[in-house]
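Visitor: Here is a sequence together with a model predicted from it:
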Amino acid sequence: MTAQNLVQKNFSTIRQWVADQSPLTPAESKHSQQGYSSKTYIYNNNGMKLVLKTPAQSRFLTRLSKQLLKNEYKAYQKLDGIKGIPHCYGFIDDKILVLEYIENDDFCQRVINQSHNFYQQFFLLLHEIHNHGVSHGDLKRKDNILVADNETPYLIDFGTAVISKPGFHPINHFLFNQLKRIDFNAYLKHKYQKNYTNISDEDNEIYRPTIMEGMARSIRNIFKWLLRGFKNF
């Protein structure tokens, strides 16, 4: 039996497990972590270790959170099979996103030399996801980058990704291309640790800050402030 079939066979068990965990706060449950737009669980049962994502538990955020999870599910479907992207096993009841668990080190705590092979793999991975029609757009956050075995980069959290639509969709294509640039700028930010004085000529050709990045920074700060307020309701 394949891993895909094994996990899908246990969907009813996973559904009930999440239902049992849902009333608990992150402080009460060692399995969960509450983010701004979703709640994440580490499921470790019957020999399976998975990441489960469910909508944020807030009357103000649930609808938005569901849309972000649907978008993330579509992104994982587009990127299935790419090394550096966790496998998605399914989206139970359009509420529980079931993802492969990647053993990893915390990129937030890592300082990887800019000449390291990690960044070459990171750069190639960005090209790969873009060629499959997905721009991430939120990779400046180290939380969305994992460092797996052999220091292989993995990308997660595609809730706000832009998926390129076929045909004539100028707004979608504009946003997709803007987020492509933002992805590469994020790569350079981590590679040079925000210090671009010694940036190589090759990387300098890539570095092109966008207006959207400045706007997004302001919007993101406002959004986070609002989310903190809504969590009190």
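Guide: Structure received.

Visitor: Now the element after the helix or strand of the chain at the bottom of the mean pLDDT ranking, going C-ward?
Guide: Lowest by mean pLDDT, DSSP states H and E among the helices and strands of the chain is strand 32-34, with a mean of 53. Remark: after strand 32-34, the chain's next helix or strand is strand 38-45, criterion DSSP states H and E.

Visitor: buried sites along that next one?
Guide: 38-41, 43 (16 or more other Cβ atoms under 10 Å). For glycine as for every other residue, the C-beta is placed from the backbone atoms N, C-alpha and C.

Visitor: Hmm, which of these is lowest in pLDDT?
Guide: Lowest pLDDT among the buried residues of strand 38-45: residue 38, with 83.

Visitor: Is it correct that that residue is in contact with residue 69?
Guide: Yes. In this structure, residue 38 is within contact of residue 69 by Cβ atoms under 8 Å, at 6.3 Å.

Visitor: separation between residue 150 and residue 197?
Guide: 30 Å (Cβ to Cβ, to the nearest Å).

Visitor: Which of the two has more residues huddled nearby?
Guide: With neighbours defined as other Cβ atoms under 10 Å, residue 150 and residue 197 compare such that residue 150 has more, 8 against 5.

Visitor: and the more buried one, that one's in a helix?
Guide: Yes. Counting by DSSP: H, G, I helix; E, B strand; the rest coil, residue 150 falls inside a helix.

Visitor: give me every residue that touches residue 151.
Guide: Residue 151 makes contact with 112, 116-118, according to Cβ atoms under 8 Å, 6 or more residues apart in numbering.

Visitor: so of those residues, which ones are in helices?
Guide: Here DSSP state H is the test, and the contacts of residue 151 give 117-118 as lying in helices.

Visitor: among the contacts of residue 151, who's most crowded?
Guide: residue 118 (21 neighbours).

Visitor: Check the gap between that one and residue 88 for me.
Guide: In terms of Cβ to Cβ, residue 118 sits 24 Å off from residue 88.

Visitor: Could you do residue 61 as well?
Guide: Taken as Cβ to Cβ, the span from residue 61 to residue 88 is 22 Å.

Visitor: ranges for the helices of this protein?
Guide: 3-9, 11-21, 62-78, 117-131, 170-192, 201-206, 211-230.

Visitor: May I see these organised as CSV, with distance to residue 138 added?
Guide: Below are the helices of the chain laid out as CSV (distance: least, Cβ to Cβ, whole Å):
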stretch, distance to residue 138
helix 3-9, 26
helix 11-21, 25
helix 62-78, 11
helix 117-131, 13
helix 170-192, 8
helix 201-206, 18
helix 211-230, 9
